[in-house]
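Engineer: okay, sequence plus prediction incoming.
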Amino acid sequence: MWSDNETDLDLLGFDFLVDEMVVALTQPRLLPLTMGVTGGWGSGKSSLLRIVSAELADIPDDETGHFVVVSFSPWQYEGYEDIKAALTEAVLARLQQEVEADGPQAEQVGRLRRMATSLRRPVRRLVGTALPAGAAIAAGAVDPALADAASMIAQGMVGSSESSQDSAGYSSEEEPEPVAAGAFRQQFGELMESLHKVRAVIVMIDDLDRCLPHTVVDTFEAIRLFLNVDKSAFVIAAHAEVVQAAIDQRYPGLRRSGASGLGAEYLEKMLQVEINIPALSAPEAETYMHLLLSELHLPQAKFTAVKEAVDQRRRGSALGVALNVGMAADTLGPDMPPELYRDMIWAAAVAPVLGSGLRGNPRQIKRFLNTLKLRLAGAERRGTTLDAAVLAKLMVLETQYLSDFQRLFDWQSAGPVNDRGNWLFAAEQRVRGIGEAGELEPAANEAPEGPSAAGARDGRRSTTRRPQSREAATAGGLDEEVRIWAEQPHIDAWLRMEPALGRKDLGPYFTFARAKLTLGANTAVLSAHIQELLGRLQSDVASRRRGAVTQVAESVVPADLPTLVDHLLQAVLHDPAGPATDGAAELCERIPAIAPTVCERLKLIPVEILRPKLATLVRRLPKGDPAVMALLDGWESSTSGAFVRTARQARGRR
């Protein structure tokens, strides 16, 4: 198992990013500097900060001194401390360690820490003036046309902050004298200049994208108003779009008419250098998975040797696979553990599909592997043996295409009905090519397992033969619905992955995914025609979905319609961001009578999860229907601004 926390061990090949950051942070001419490290959640921002911090700490002292690194997470203080005071205190507390206890610099640090205490809540006066003033400065610098609007907001907030009683219940007479930002910054700058053994103070700020909007802006303002002096640098790791949205929400009055908010431009103004963490490519994702597995199975000395070999290959080819089973065997020789060999085999099979499906996100890849290992361990405790390769292949479908995983379960649980016993085997053989004389090619897992094993032991053989052509697939055991399913590009790629599953008993594997499966939604009880329409209504191809909508409206008898809609909505609940939601909305537009049922199911889904399908839903749901209007009422009362705006637009409001 692997911890989900940040690490100072670079398994992602971040050395080129580390070099960029260290070079920039150690250039005196660039200071003071505010650097942004941007990337999606789970992309490795926190780990990159830890690695860079360790690099800076290891730089030996010279005549200009050494680097002082301060780590700070505003998220940990949110709700308990004023962030400006907390950040300032963290920096000063670290500098306290750099001065002599009885020297003049210690007295200077103590004075600044007492001044920083005045920044804490319930002092509202500084909070009310500094933030809007800083926003006005930033807005005017980005666009002079925004300066007047920003100043008006600043004045309004200053007035509100000087009321006789603040939100915490303290009267203005009880508040200590507010700190002047300029005076504090001047004294802080003098302290920094006097620290001759300190080359620079580097403040690593993490988790900003987890914070509320006011905390995000407060952090930037603390840097700009109090701490931005010579010999200082601030590194802010965050999801850029989240921070931009927080700034927009914090200052809605700065939004231009008919344009986006200030967030992107504000962030661009605040960050002089931006380091963007790219998503892992498919070869990088494969290397990362193999490194994680090597770390799990190897003693430290052997793992260090493997990692050094990987680092060497990365320097020669940054975008190629730097570790696979062959490369590991070259490094380890006969010392390669059999468990590592087996794990690397299945990891290589799933890595290309898994890496692209998880958008090259290291955290999601690690969580996939952790879930797989947990299921294997859970099965062992129950006395069940699972093949890690089979489990990994099924989990790829489960984590990325849940509706297809549900369909696979439904078909498997249908047993031999309509000769479906060999449908998966036939589908795999079809995408893998046609053997000579029409014979079925042996799969990698040829020996039958599970319920089919008894027949094999009795000497009975399957009479299913490979179809001689694509047109003959149906006659060879691949009916039309399965053929349509198998022709989807992502299913075609999945079927080609090793190992083949057609001869496997998959029942035990589904047991560990039952929390995501709808056990009562077995599509095998439906007619072949309804099953085909249901599959097409969940297609990623818009023309296929809309053709199915037309067929449902024209050919499905009223008695079958509720069952079809119920199965379709089960797929929507399991994967709201999938194509089944598009199909349900399009069907609802064509057949308004199903609107109440569709809307009742949509109410069960959190609005934020529905966000990717919002535009389709409000465009397709029949306008004027009471159930639709009730659904829009719920969206309009949502805290999500996007849903409020869209719901109002759907009602024809400005």
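Structural biologist: Arrived safely.

Engineer: drop to CA atoms for contacts and neighbour counts, all remaining ones
Structural biologist: Will do.

Engineer: gap between Met289 and Asp102?
Structural biologist: 53 Å (CA to CA, to the nearest Å).

Engineer: those two - which one has more neighbours?
Structural biologist: Met289 (26 against 8; other CA atoms under 10 Å).

Engineer: surely the more buried one is in contact with Ala347?
Structural biologist: Yes: using CA atoms under 8 Å, Met289 is in contact with Ala347, at 6.9 Å.

Engineer: who touches both of those two?
Structural biologist: Counting by CA atoms under 8 Å, 6 or more residues apart in numbering, Met289 and Ala347 have no common neighbour.

Engineer: rounded mean pLDDT for stretch 384-399, please.
Structural biologist: Taken as a whole, stretch 384-399 has a mean pLDDT of 88.

Engineer: shouldn't Leu112 be within a helix?
Structural biologist: Yes: under DSSP: H, G, I helix; E, B strand; the rest coil, Leu112 sits within a helix.

Engineer: list the contacts of it.
Structural biologist: Shown in contact with Leu112 (CA under 8 Å, 6+ apart): Leu92, Phe184, Gln187, Phe188.

Engineer: can you check Val321 too?
Structural biologist: Contacts of Val321 (CA under 8 Å, 6+ apart): Pro283, Glu284, Glu286, Thr287.

Engineer: hmm, 6 Å instead?
Structural biologist: Pro283, Thr287 (CA atoms under 6 Å, 6 or more residues apart in numbering).

Engineer: roughly how far apart are it and Trp494?
Structural biologist: From Val321 to Trp494 the distance is 21 Å (CA to CA).

Engineer: again with Arg430
Structural biologist: Counting by CA to CA - Arg430 and Trp494 are separated by 13 Å.

Engineer: skipping its backbone neighbours, what lies nearest the residue positioned nearest the centre of the chain in space?
Structural biologist: By CA atoms, centre = their mean, the mean C-alpha position of the chain lies nearest to Trp41, the distance being 4.9 Å. Of all residues beyond its chain neighbours, the one nearest Trp41 is His239 (6.6 Å), with distances taken as CA to CA, 6 or more residues apart in numbering.

Engineer: Arg29: how many residues sit nearby?
Structural biologist: Residues near Arg29, counting by other CA under 10 Å, number 11.

Engineer: rewinding a little: which among the contacts of Leu112 end up buried?
Structural biologist: Neighbour-count burial (16 or more other CA atoms under 10 Å) is assigned, among the contacts of Leu112, to Leu92, Phe184, Gln187, Phe188.

Engineer: just send those back as a markdown table, with distance to Asp206 and pLDDT too.
Structural biologist: Formatted as a markdown table, the buried ones among the contacts of Leu112 follow (distance: CA to CA, whole Å; pLDDT from 0 to 100):
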| residue | distance to Asp206 | pLDDT |
| --- | --- | --- |
| Leu92 | 18 | 90 |
| Phe184 | 24 | 84 |
| Gln187 | 26 | 86 |
| Phe188 | 23 | 86 |
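
Engineer: which of those residues lies closest to Gly507?
Structural biologist: Leu92 (60.4 Å; CA to CA).

Engineer: list phi and psi for the closest one.
Structural biologist: phi -70, psi -40 (degrees, to the nearest 10).

Engineer: for Met344, helix, strand, or coil?
Structural biologist: Met344 - assigned by three-state DSSP - is helix.

Engineer: how about the contacts made by it?
Structural biologist: Contact analysis of Met344 by CA under 6 Å, 6+ apart lists Val325.

Engineer: pull the helix or strand with minimum mean pLDDT from the protein.
Structural biologist: Of all helical and strand segments in the chain, the minimum by mean pLDDT, DSSP states H and E falls on helix 453-457, at a mean of 32.

Engineer: C-terminal to it, what's the next element?
Structural biologist: Once the chain leaves helix 453-457, the next helix or strand it forms, by DSSP states H and E, is helix 480-486.

Engineer: who's in contact with the following helix or strand past that next one?
Structural biologist: Along the chain past helix 480-486, the next helix or strand (assigned with DSSP H and E) turns out to be helix 489-496. Residues from elsewhere that reach helix 489-496 (CA under 6 Å, 6+ apart): Glu428, Ala486.

Engineer: the same query, at a cut-off of 10 Å, please.
Structural biologist: 349-350, 352-354, 357, 393-394, 396-397, 400-401, 404, 424-425, 427-432, 485-488, 497, 500-502, 540 (CA atoms under 10 Å, 6 or more residues apart in numbering).
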